Every structure is written in structure tokens, then in C-alpha cells.
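Enquirer: coords please:
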Amino acid sequence: MEVENDKSQNKKLLRNLLIAALSSFSVIAVILVFSKSGNVVKSIKDFPPMEILIGFILFCLIFVIDSLRILVLSYFLNEKVKLSVAMRNSILGYFFTYITPFSAGGQPYQIWHLSKWGMSAENSSAIILTRWSNMLIFLSFSSLLLMNKYLPYIRVGIPLLSKAIWLVILLSVAFSLGMVFFFLVPNLGKSFIRKIRKSKMVNWAIRVFKKNPDEVFDTLLKKLDSFYDSMKIIWTKKPWLVIFDGSMGVLDLLVLYYILYRSIIISSQVSLVPFHLSFWNLSAIFILLSFVVYYVPTPGSSGGVEGGFYAVLSIYGSKTAVMTGVLMWRLITYYLPILLGFIIMIYEVRQNPTKSASS
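Expert: So this is what the prediction gives:
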């Protein structure tokens, strides 16, 4: 039975990888046909291979930063995590984010992974969701502050959605902040659980799995209490932890933005055509676009990311150079991490936490 489940999971994994690749390649093909972007193939060949290596090293810096965040937060929750486990948790978090629809799958896996290696589910949830909440808070409030000035940049690039983009961004911000409040306000989370507890459909679904709904919800509420206790330690008793983690999260994002900016600049220099956006302007556009393209329902939002960034950024430089820069950025921050994650996943599957702890 376990062998069949493993085969099913492997098939699902490979299917998501295939969908991600096809989504990206299909959008790229359409852009090449209709954009009159010039000889992108030649531009890609001319892109310095050393810059790909430098870009990937920069991206690996994000793994290091994320691992440090896990180690610091776990220490103050009295949890012991090895650096190697934290590093694999970060790499595999990105891996599952990239191969699941809507770019949402890394956090649940990271929680499970830390629990697998001995951390309580409540503390692992508090750590991962604190990091996620900090990112959502930063992106949400930054979007609200930047929207008035930088939304025209996006509207020019994607005219068909010009009237709807502001609404999409506002809805995304509202949804994101709603999730944050759910994680941070105990009464809100508990009242939501109590409300769905009364749902006949939910109770029927639980009985289908031969579980007692009352026992399931009682256990869930107890675990939720422990989760909120862990969140309270981080957010109220040690607020500097939130500041530290939030700062490290912003640094993560700036590295990601810089890799895109650097890729486009290098490609533009090779093409001898200037790119007319500063790093900070590109970062502002990136923040706003993240609330649009990352909700594309494909693994890792593939296709939407390439198309969205090309449509907007190609206005401010050579279409060929921007297209090449976006593709190189996706290679560095998407396809190479997927390859690395796949290798780490094979290693992780073969690890036994009990044996590792005793050795």
C-alpha cells in the first residue's frame, strides 16, 4: 500500500514539473511569435554563462538567510534544529512552492518537514507562518503605498487589464491581510473553527474518513491553542524576533529583485541598448506585479510570471534584452532551484530522522 502511495506521489510530482515547464514554454513561444522581439535565441547564447552562476550563487544566499531565520526562531521556542535540516527545509520549501498551483505549497511542506525532524507541529507552524505573515505584511502595505505612483507602469504594459489591475491588487491585499489576522488573532481563528464545526457538509466529510467529528474538532482546537501560544511568544513576548525575521524576509526579496534587475542589465549591455528603470523602480513594479502574476493557477505560477514581467518591463528597454533577462532570471531562480530541490528531495526521502538523531 505504501509503495502504491509513493508511486502516486511520484507521478503527481512529475506531472506538476511537466505542467510548470509546458506553461512557461507556451507563454515564451507566444511572446516570441507576436512580440517581434528580435533574435532572442542569439541573445540567450550571448548571455555570459558566468552571470548565470553568479545569479544562482546570489539565489542560494536566500537559502542561507532562510535557514538562519529558522534557526533563530526555533531557538527561542526551545526547539533544536540542525543547520543541515534548516537548509534542506528552505530548499524544499521553494521546490514545493514552484511545483504547486498558485505558488502555494512550500509552507505546508516546510511545517511537515520540521515536524518530521522532531519539532512540534505547533512550533513548526508558528515559525513558518510567522515568516509567511511577515512577507505578506510587507508586500501588502508596500503595495498600498506604491500603488498610486507605480500602477501606471503596469497599466501601460498590460492595457487589457488596466481597469481591473487595481481591484485585483486590492483583493489580493485584503485576502493576504485576512490570512495574517487569522494566524495572529486567536479569537478569530477559533471562532472560524467553531463556525465550520456546525457545518453538516464538513461533519459528513469527516465521517467519510471514519473519524468522529467532535474528537477531530476538539483535537484541532487544542492544537490551535498550542499554536497561538507559540505565536504569542514570537509576536508579543519577543517582538524583536518579528523585526529580525521581517528584516531578513525583506532582504530575501531584495536579492530576488536584484537578480532580475542584474539579468536584464547584463542582457541590455550585451545588446548595447539601455534599460530605463532603476533597481528601486523595478522593485516597486515587482511588488505590485507579485499580487497579479503569482495567482496564476499553474505550478509556480509559471507562464504568468514570464508573460507578466515581459509585458511590463519590455516597455523600458530592448524587447530582446528584457525577454532574455526575464528568461535568465527564471532559469536562475526557478528551474535551477527545482533541479537542486529534486536532488535534495531524493536525499531527504532516504533519510531516517531517528537514526540521524542517534548517530
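Enquirer: helix/strand/coil for P274?
Expert: Classification of P274 by DSSP: H, G, I helix; E, B strand; the rest coil places it in coil.
Enquirer: let me see the ranges of the helices in the stretch 51-200 of the chain.
Expert: Along the stretch 51-200 of the chain, the segments classed as helices by DSSP state H, counting those that start in this stretch run 83-99, 106-116, 121-157, 165-184, 186-197, 200-208.
Enquirer: oops, could you answer that again for the stretch 251-359 of the chain instead?
Expert: Taking DSSP H, counting those that start in this stretch as the criterion, the stretch 251-359 of the chain contains helices spanning 279-293, 304-313, 319-330, 336-349, 353-358.
Enquirer: comparing those helices by mean pLDDT, which bottoms out?
Expert: Per-stretch mean pLDDT for the helices of the stretch 251-359 of the chain is lowest at helix 353-358 (a mean of 54).
Enquirer: nearest to I70, out of the helices of the stretch 51-200 of the chain?
Expert: Among those, the nearest to I70 by C-beta to C-beta is helix 83-99 (4.3 Å). The C-beta positions use only the backbone N, C-alpha and C, and glycine is treated the same way.
Enquirer: and the closest one, average pLDDT?
Expert: In this model, helix 83-99 carries a mean pLDDT of 90.
Enquirer: same question for that helix: list its buried residues.
Expert: By neighbour count on 16 or more other C-beta atoms under 10 Å, the buried set for helix 83-99 is 85-99.
Enquirer: how close does L188 sit to G178?
Expert: L188 sits 9 Å away from G178, going by C-beta to C-beta, to the nearest Å.
Enquirer: again, but for G341
Expert: Distance, G341 to G178, using C-beta to C-beta: 30 Å.
Enquirer: who has more neighbours, these two?
Expert: Each of G341 and G178 has its neighbours counted (other C-beta atoms under 10 Å); G341 has more, 23 against 11.
Enquirer: quick check: closest non-adjacent residue to the more buried one.
Expert: F95 (2.6 Å; C-beta to C-beta, 6 or more residues apart in numbering).
Enquirer: is that neighbour in contact with I343, as I believe?
Expert: No - contact between F95 and I343 fails when scored by C-beta atoms under 8 Å: they sit 9.7 Å apart.
Enquirer: pLDDT below threshold where in the stretch 151-300 of the chain?
Expert: 157-163, 210, 294-300 (pLDDT under 70).
Enquirer: go again using 50 as the cut-off
Expert: Applying pLDDT under 50 to the stretch 151-300 of the chain picks out no residues at all.
Enquirer: just give the number of residues close to V72.
Expert: When neighbours are counted by other C-beta under 10 Å, V72 registers 15.
Enquirer: I65 versus that one, what's the distance?
Expert: As judged by C-beta to C-beta, V72 and I65 stand 11 Å apart.
Enquirer: next one: stretch 71-78 to chain centre, how far?
Expert: Going by C-alpha atoms, centre = their mean, to the nearest Å, the spacing between the C-alpha centre of stretch 71-78 and its chain's C-alpha centre is 22 Å.
Enquirer: neighbouring contacts of it?
Expert: Identification of contacts with stretch 71-78 by C-beta atoms under 8 Å, 6 or more residues apart in numbering yields 80-81, 83, 86, 114, 119, 123, 126-127, 130-131, 230, 233-234, 238, 241, 244-245.
Enquirer: so what's S124 up against?
Expert: Residues in contact with S124 (C-beta under 8 Å, 6+ apart) are 110-112, 114-115.
Enquirer: now do the contacts for K42.
Expert: Contacts of K42 (C-beta under 8 Å, 6+ apart): none.
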